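*Asks:* build me a model from this:
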Amino acid sequence: MALRRMRAAADPDAPSRAVALPASWEDEAGMALAALAPGQGGASLPGLAEAWIARLLARGLRLSLLREEEQAPLAESLRALLAARRGAPGASVWRNDSKPEPRFVLNLPAFLDDAGGFDIPGYTAAIGTGIRALDILTGGKAHVLRLGYADLAGLLAGLGLAYDSPQARDAAACITAFTRGAAESASAVLAERFGARESACLFWPAPPAACAVPGLAAAARRALEDAGRSFGLRHAGLLALT
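*Replies:* Residues are numbered from 1 along each chain as shown. Have a look, this model is predicted:
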């Protein structure tokens with residue numbers, strides 16, 4: 001990945017620092033990187049990312065939440081999400097701060113294609129990666145995980161929908177329902193391996209019958225139904241939208 005170097009600060013009053021980020025990323029990303037990196041020295045996106053990925057893999061292996069042969073695929077999935085700007089953990093993971101509950105955030109507009117479609121398989125895989133990462137980060141003990149999505153407004157703009165329109169609300173409802181169903185299915189996979197702690201949810205608010213994203217409404221219903229057919233979940237809650 002080609003990098004460019006710049007000086008950036010987390011806010012206008014903070015001292016600037018040298019940062020290295022992908023060449024195609026805008027200056028605002030450099031400011032975010034300056035805010036995420038601990039200390040005041042130089043920072044690079046690959047270096048910071050490899051540090052938290054290595055910590056996550058080591059923790060998963062140490063706690064028997066991850067097999068050795070699973071390390072490389074999980075690392076590659078996390079790198080791919082970050083490089084495509086599709087998803088990443090919250091700031092506390094980057095800063096190696098164990099006090100706040102870890103989060104994993106998916107960037108909705110990054111799953112849109114040029115034709116106005118939504119990468120449903122890619123989004124499903126990203127949710128599975130996020131749930132797996134959060135389960136490891138919480139030591140496999142948390143009953144509630146904090147997976148969320150960001151920039152719904154950007155997604156709606158990319159679809160050409162007015163933010164306060166009924167069509168936008170339907171699309172948002174379908175996205176949320178699909179996220180919940182796919183996250184619960186990912187939790188069910190972990191429950192098969194480590195034991196179920198919660199019953200599968202058999203009743204949920206029905207998503208809209210259709211929305212502006214081709215195939216998303218049907219995918220949301222399937223995801224919820226698949227999760228409901230599981231033998232149990234590892235987690236009582238999985239979504240956190242802040």
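*Asks:* and the next helix or strand past the longest helix that the chain contains?
*Replies:* Taking DSSP state H as the criterion, the chain has its longest helix at helix 166-194. Once helix 166-194 ends, the next helix or strand along the chain (criterion: DSSP states H and E) is helix 216-228.
*Asks:* and the longest helix of the chain with helix 216-228, angle?
*Replies:* 30 degrees (axes from the mean of the first three to the mean of the last three C-alpha atoms, to 10 degrees).
*Asks:* tell me the contacts of Glu192?
*Replies:* Residues near Glu192 by C-beta atoms under 8 Å, 6 or more residues apart in numbering: Phe231. Just so you know, the C-beta spots here come from the backbone N, C-alpha and C atoms, and that holds for glycine as well.
*Asks:* mind listing what Ser199 touches?
*Replies:* 232-233.
*Asks:* separation between it and Pro207?
*Replies:* Taking C-beta to C-beta, to the nearest Å as the measure, Ser199 falls 21 Å from Pro207.
*Asks:* quick one: residues contacting the nearest residue to Ala206 once chain neighbours are set aside.
*Replies:* Leaving aside its chain neighbours, Ala206 sits nearest to Arg221 (7.6 Å; criterion: C-beta to C-beta, 6 or more residues apart in numbering). Applying C-beta under 8 Å, 6+ apart to Arg221 gives the contacts 177, 206-207.
*Asks:* drop anything exposed from those residues.
*Replies:* Buried subset of the contacts of Arg221 (neighbour count, 16 or more other C-beta atoms under 10 Å): 177, 207.
*Asks:* can I get the contacts of Arg221 in TSV with distance to Leu65?
*Replies:* Shown next, in TSV, are the contacts of Arg221 (distance: C-beta to C-beta, whole Å):
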residue	distance to Leu65
Ala177	28
Ala206	34
Pro207	32
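*Asks:* least confident of the contacts of Arg221?
*Replies:* Looking at those, model confidence by pLDDT dips furthest at Ala206: 86.
*Asks:* how far out from the middle of the chain is stretch 71-84?
*Replies:* Mean-position distance between stretch 71-84 and its chain equals 12 Å (C-alpha atoms, centre = their mean, to the nearest Å).
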